[in-house]
Structures are given as C-alpha cells and as structure tokens.
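K.L.:
okay, sequence plus prediction incoming.
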Amino acid sequence: MTFNTLESGPPSLFKRRPSRVSQLAIYSALALLLMVADARFQITEPARAVVATLLYPVQWLMLKPVQGVQEASDYLGALEAAQGSEKQARSELVQVARRAAEAEELLAENRDLRALLGLRERLSTPGTTAEVVYDSPDLYTRRVVIDRGQVDGIVQGSPVLDDKGVIGQVTRVYPLRAEVTLLIDRDQAIPVFNPRTGARSVAYGDPSPLRAGGMELRFMPSNADVQEGDLLTTSGVDGLYPLGLPVARVVTVERRADSAFSRIYCEPVGRVQGVRHVMVLQPMTFASQPETTEAAQALKPSRASSESARREPRGSTSRRAQP
C-alpha cells in the first residue's frame, strides 16, 4: 500500500471563500469602525498629513498650467483695457485741441472784427466789411478774393484796409466776388506822404525775390530826408485813397554815390499776408458824387421790398392801378 494516493491538501470545505454579501458586510463594518475610530480618536490624522505632504509637489505641478492660463488672460484683459483707455484719452485730447484752436480762431476773428468796427467809426468814408475767401491762383501776382461784389456796392478802385492800415485796392469786380491786388504786387503803386517831412512820393510793390512781401519807394533823390522808421501814409492826391491812412514804414535806406536816387525799402503796416477780414472803402471820387454812390447802392438786392411784395395781397396791384 502506497502513500502517494493519499491527498495531502485541505478538504474542499476550507477552500471556499466568503460570499460577496459576506465580504460587503465585513468591509462595511470595517469602514464604519474606522470612521468612528477616526472621529473619536483621530487615528488617521498622521497618515493623512504624510499623504498630503507627499502629494503637494504633484498638486503644485498640476496647478501651474491653470495659473499660467489665468494670469495670461488677466494680462491680456488689462492690456486691452489700457489700450482702450489710451485711445479714448487721445481722442479726447484731439477734440480738446480742436476746440482750443477753434476758440483761438474765434477770438482772433472777434478781435479783428472789433478793430474793423472801431476803424469804421473813425473813418468818414463809407465802407463795407468783407472776408477773404482765398488767394488768387496766379503765382506771379499778389491778389486775394473777397466775398463781396457788385451786388454789395463794391466798385473798381476801392481801397482795402485792415485794422492796421492799407493792404491793397480792388482791381476786378464780379457780381458776388471781388479781386483785391495787394500793395506788395509788382504792378501796384500807391501815392504816399511822409508826415515827418511833408514829402510826397509813390510806393511800388517790390518784385525782388529777396524782399518778397515788401515795397519800394522809388525816384527819391539821394539827399532826400528819409530815415528808417518813418511812417508813410496815403496822400489823397489820387482821388481814391482817403488822406492819412497808414501804408508802410521805412526799413532800409541805401544811398549810393554812383546814383542820383536812393534805394528805399518799406514794410507794409497792414497784414498783406494772412489777413482774413478787411474793410472796403468807397473811392473818394465816388464818395464826392452822391448820384454815383446811389447808383452803386441800387445794385444791392432789396430783401425788404421782395418780402413785402410776397406778403402783399394779390389784389393790391389792381387797387393801386385804379384812379
């Protein structure tokens, strides 16, 4: 009889595992026991601290991408807000600068108009205020165009001046516009008078490119009493300009031994460049002839008569025609 036939393992009864329901009950009771023990005696606190310490680097690495995305979003939002504020500030600054320029322009215009109004009260010759519309497109002349014309009573030869002095003369008249030739034009001449010496002469526009914007007092003898700083006014001998209007001031006197005449350069008193508002006077010949003045004034459109004609009933004409 051999012993190899005998079974050496445990009986089949001890090979069986607990059922699933038994395992669930055991594990549930163990979990409940651990929870009660942890709540009562804090037995898992050291293990929890160790696990948290070990997992901290992992948590730190996992949170870094999230923090980077959040910081980048905040930076872009702040940058966009700053750019919007800067753009709005620049726009407001431009508007403030524009308003300041407009206010400065209005102040200058108001100052010029007040000066012209005071000048008009001092002059005995009738005059009309006008605004310079644009400069003449001809590059070889010094002319400007004003917004007054034949319908406003402007006639050819009318003196034009600003609040400081004479700047030119009307040389061409249109129905609604007029062309003014400035004193610095090479073809313009004006009789002048030196109040200091009582001498009369003629001032011409200086065509020299080195003295653009000036005038020249021609045909003055070398021994003539003319000094730098002398004020030249209108003499009134031409019958166009009233007597005593400021014209120019002497700036240079060149006396040469090889010539019998002096070279005298003058600077206009009025603003011949950059002027905006001017006063147009009637020529002295027109002012001395009332019938001519009335004929010029008759060219103006009568708004009052036209309005009264529109308001007048239709039958009023027939009534006036009846005896």
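P.N.:
That came in fine, so what should we check first?
K.L.:
state the next helix or strand along the chain beyond the helix of greatest length in the chain.
P.N.:
Taking DSSP state H as the criterion, the chain has its longest helix at helix 45-122. Per DSSP states H and E, helix 45-122 leads on to strand 127-135 as the next helix or strand towards the C-terminus.
K.L.:
pLDDT on the following helix or strand past that next one, on average?
P.N.:
Moving toward the C-terminus from strand 127-135, the next helix or strand (DSSP H and E) is strand 143-146. Strand 143-146 shows a mean pLDDT of 92.
K.L.:
returning to what we had before: the longest helix of the chain vs strand 127-135, what angle?
P.N.:
Between helix 45-122 and strand 127-135, the angle comes out at 130 degrees (axes from the mean of the first three to the mean of the last three C-alpha atoms, to 10 degrees).
K.L.:
ok, how many other residues are close to residue 224?
P.N.:
Using other C-beta atoms under 10 Å, residue 224 is surrounded by 17 other residues. C-beta: built from backbone N, CA, C; applies to glycine.
K.L.:
what sits against it?
P.N.:
Each residue near residue 224 by C-beta atoms under 8 Å, 6 or more residues apart in numbering is listed here: 199, 262.
K.L.:
what's the distance between it and residue 215?
P.N.:
Relative to residue 215, residue 224 is positioned 16 Å away (C-beta to C-beta, to the nearest Å).
K.L.:
do the same with residue 198
P.N.:
Noted for residue 198: a distance of 20 Å to residue 215, by C-beta to C-beta.
K.L.:
next one: residue 222
P.N.:
19 Å.
K.L.:
who's more crowded, those two?
P.N.:
Set residue 222 next to residue 215 and count neighbours by other C-beta under 10 Å: residue 215 wins out with 29 against 14.
K.L.:
name the nearest residue to that one, ignoring sequence neighbours.
P.N.:
residue 266 (4.3 Å; C-beta to C-beta, 6 or more residues apart in numbering).
K.L.:
where are the low-confidence patches of the protein?
P.N.:
When residues are selected by pLDDT under 70, those of the chain lie in 1-16, 118-122, 207-213, 286-323.
K.L.:
show me the domain layout of it.
P.N.:
18-99, 127-300 (automatic domain parsing).
K.L.:
single out the most deeply packed of these.
P.N.:
Counting by mean count of other C-beta atoms under 10 Å, domain 127-300 has the highest mean neighbour count of those, with a mean of 17.
K.L.:
which residue ranges of the stretch 151-300 of the chain form helices?
P.N.:
Assigned by DSSP state H, counting those that start in this stretch, the helices in the stretch 151-300 of the chain fall at 284-287, 290-297.
K.L.:
quick revisit: residue 233 is in contact with the residue nearest to residue 215, correct?
P.N.:
No: if you go by C-beta atoms under 8 Å, residue 266 and residue 233 don't touch, sitting 11.9 Å apart.
K.L.:
I'd guessed residue 167 sits against residue 185; true?
P.N.:
No: between residue 167 and residue 185 there is no contact under C-beta under 8 Å: 10.9 Å.
K.L.:
that older thread, give me every residue that touches the residue nearest to residue 215.
P.N.:
Residues in contact with residue 266 (C-beta under 8 Å, 6+ apart) are 203, 214, 215, 216, 217, 232, 248, 249, 250, 251.
K.L.:
tell me what it is bridged to.
P.N.:
residue 215, residue 250 (DSSP bridges).
K.L.:
which residues touch residue 26?
P.N.:
residue 18.
K.L.:
that one sits in which helix or strand?
P.N.:
Using DSSP H and E, residue 26 sits within helix 20-41.
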